[in-house]
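Participant: Fold the following and give me the result.
(one chain, ligands or ions: 1)
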Amino acid sequence: MRLGKVMAGVALMSAMAMADASPVERSGNPVFPGWYADPEAAVFDKTYWIYPTTSRPYAQQTGFDAFSSPDLVHWTRHANVLSLQSISWASKALWAPAVVRKDGRYYFFFSANDIQSDAEVGGIGVAVADRPQGPYRDLLGKPLIDKFHNGAQPIDQFVFEDDDGSWYMIYGGWKHANIVKLKDDFSGVEPMADGTVFKEITPAPEYVEGSLMFKREGRYYYMWSEGGWGGPHYSVAYAIADRPTGPFKRIGKVLQQDPAIATGAGHHSVIHAPDDDSWYIVYHRRPLGETDPNHRVTSIDRMYFDAQGHILPVKITHEGVEAHPLR
Ligand code: FUB
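Facilitator: Predicted coordinates for the structure are as follows:
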């Protein structure tokens, strides 16, 4: 066969291969429409869940929607999974869900009322349901934490089960963070091994709010938000320690605005897919040119570690992430 004919054959075969290859499905960012902030990501069985704050003026933050997906690309909205109707002590500013499964039930921790002093009613509450999509009802009939301790406003809780079965909550606004050990029935807090109940773990002067913790290769990663949530410089930084109680020393920023993509990228959560050890960061950001503080949208991008276990700076994208069905 002459060379020209061979080359033509090769060109035809690669054109056919390209036509056959299905395009890679990606989530796009934001991953679902609407103004939603502070996304809490969870995996229950083979389904991804996102529980965000409804991003509106505080008086209109009266309920939470949830979103589920089999693959990070296709999302279904579940409206009003928890609302003020089920929380007698709350009246506004429902924020920052943290949702966990324990003993077959689903627990939805939330912040309410944006209290400014111990004289006000509000703080961090917990609701319960038999299914991830609710409906959730208030577990206690009162807040779980309703006072300032170590200067931390009781908001922005994250709930974490350690390997020994202990459950911890890390929380706090107004530039202070505390860790507490939860009672086994989540009805309150109990002293840790050293007798401390509210242990301050504020990791750096830059700390503002939005705490999160996970464990990887035996070490505890603590992440938090810095800057003002209403502006472009909102961002996420991290530290690593050998214990959930620290001490934590700030290593650096992980997530921040990209003037070509979006501003105000912060208040995040993390998903680990164990089948291929991929990590995702789920966060809110503000579309370019938008200045309304509440115009926050939920996005997902990949998160990578280097060989020493440091988190590499996240590249925020318009494309989002590839489909990742859970096996
Ligand atoms: O969405 C209300 C508040 O905005 C959150 O609790 C803060 O972390 C900030 O994201």
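
Participant: So which residues on the stretch 201-327 of the chain come close to the ligand?
Facilitator: Residues of the stretch 201-327 of the chain lying near the ligand by Cβ under 6 Å from any ligand atom: 209, 210, 225, 229, 267. Backbone N, C-alpha and C define where each C-beta goes, glycine included.

Participant: these two touch, right, the fourth one and residue 267?
Facilitator: Which is residue 229. Yes - using Cβ atoms under 8 Å as the test, residue 229 is close enough to residue 267 to be in contact (6.7 Å).

Participant: higher neighbour count, the two?
Facilitator: Neighbours per residue, other Cβ atoms under 10 Å: of residue 229 and residue 267, the larger number sits with residue 267, 31 against 22.

Participant: I'd like to know how far the nearest residue to residue 228 once chain neighbours are set aside sits from residue 257.
Facilitator: Closest residue to residue 228 apart from its sequence neighbours, by Cβ to Cβ, 6 or more residues apart in numbering: residue 234 at 6.4 Å. Computed with Cβ to Cβ, to the nearest Å, the distance linking residue 234 and residue 257 is 8 Å.

Participant: Overlap in contacts, those two.
Facilitator: Both residue 234 and residue 257 are in contact with 263, 264, 265, where contact means Cβ atoms under 8 Å, 6 or more residues apart in numbering.

Participant: And the average pLDDT for the longest strand along the chain is what?
Facilitator: Determined from DSSP state E, the single longest strand within the chain is strand 262-273. Per-residue pLDDT over strand 262-273 has a mean of 98.

Participant: Quick one: mean pLDDT for the very next helix or strand once past that strand?
Facilitator: Using DSSP states H and E, the helix or strand that follows strand 262-273 in sequence is strand 278-287. Mean per-residue pLDDT for strand 278-287: 98.

Participant: what about the helices in the stretch 1-150 of the chain?
Facilitator: Ranges of helices in the stretch 1-150 of the chain, per DSSP state H, counting those that start in this stretch, are 3-20.

Participant: Residue 153 and the ligand: what is the separation?
Facilitator: Distance, residue 153 to the ligand, using Cβ to the nearest ligand atom, to the nearest Å: 9 Å.
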